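Novice: Okay, sequence plus prediction incoming.
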Amino acid sequence: MKIGIGADHAGFNRKTEIIEYLTLKGHEVVDYGTTSVDRVDYPDYAKIVGEAVVNKEVEAGILICGTGIGMSIAANKVEGIRAALVYDELTARLAKEHNHANIIAFGGRTQSALESKVIVDAYLNAHKEPRHSNRVEKIANMEKGE
Ligand code: RB5
């Protein structure tokens, strides 16, 4: 699977670990930055990854900041993005199954490396459940002002 990933300074180290983890598993990971632990603004990376997902450069996105909160808020401003703040295996799985999330966000300061790998696996291995499609369509309609 082709996955886009982005982080701010608070998520940079975790991003590096997740890229290595996913690459070893055979995924193609596109790194949209940041490139160091120097302070940056998380909305910049949420926007880049959100647009990459919407433009189908990648099939899904992963965003990491200190808590995942700022990244999820910002990514959801990109039309067509359903970014879910997830914090464990269950929320990661349900984000895909029920909410058809095309991005997950979590925290480099709030989730351990192991927890982050469990989250990523749960999200990537899950499938969208069609019975929730009408609710997802209602979210899309809200974006159109309907
Ligand atoms: C950066 O200090 C921190 O505010 C940011 O990474 C994130 O947690 C925001 O939601």
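Specialist: The structure has been received and is ready for your questions.
Novice: element containing residue 49, please.
Specialist: Using DSSP states H and E, the element containing residue 49 is helix 42-54.
Novice: ok, that helix near the ligand or not?
Specialist: Yes. Judged by C-beta under 6 Å from any ligand atom, helix 42-54 and the ligand are in contact via residue 42. The way it works is simple: take the backbone N, C-alpha and C, and place the C-beta from them, glycine included.
Novice: Next secondary structure after that helix?
Specialist: Next helix or strand after helix 42-54 toward the C-terminus (DSSP H and E): strand 60-65.
Novice: That next one pairs with which strands?
Specialist: Applying DSSP bridges to the sheet, strand 60-65 is found paired with strand 2-7 (parallel), strand 103-107 (parallel).
Novice: okay, now residue 8: neighbour count?
Specialist: Look at residue 8: counted by other C-beta atoms under 10 Å, it has 26 neighbours.
Novice: which bits of the protein sit near the ligand?
Specialist: Contact residues, the chain versus the ligand (C-beta under 6 Å from any ligand atom): 8, 10, 42, 65-67, 69-70.
Novice: Quick check on those residues: which are buried?
Specialist: Neighbour counting with 16 or more other C-beta atoms under 10 Å marks 8, 10, 42, 65-67, 70 as buried within the residues of the chain next to the ligand.
Novice: tell me the two of these that are most distant?
Specialist: Spatially, the most separated pair among those is 8 and 67, at 10.7 Å (C-beta to C-beta).
Novice: The helix holding residue 49 - contacts with which helices or strands?
Specialist: strand 2-7, strand 60-65, helix 69-75, strand 103-107 (3 or more C-beta pairs under 8 Å, 6 or more residues apart in numbering; DSSP states H and E).
Novice: what's the angle between the last one and helix 42-54?
Specialist: It refers to strand 103-107. 150 degrees (axes from the mean of the first three to the mean of the last three C-alpha atoms, to 10 degrees).
Novice: again with the first one
Specialist: If you take the same axes, to 10 degrees, strand 2-7 sits at 170 degrees to helix 42-54.
Novice: gap between strand 2-7 and the chain center?
Specialist: Mean-position distance between strand 2-7 and its chain equals 7 Å (C-alpha atoms, centre = their mean, to the nearest Å).
Novice: and for it, what are the contacting residues?
Specialist: With C-beta atoms under 8 Å, 6 or more residues apart in numbering as the test, strand 2-7 has contacts from 14-15, 18-19, 22, 27-34, 45-46, 48-49, 52-53, 57-65, 71, 108, 124.
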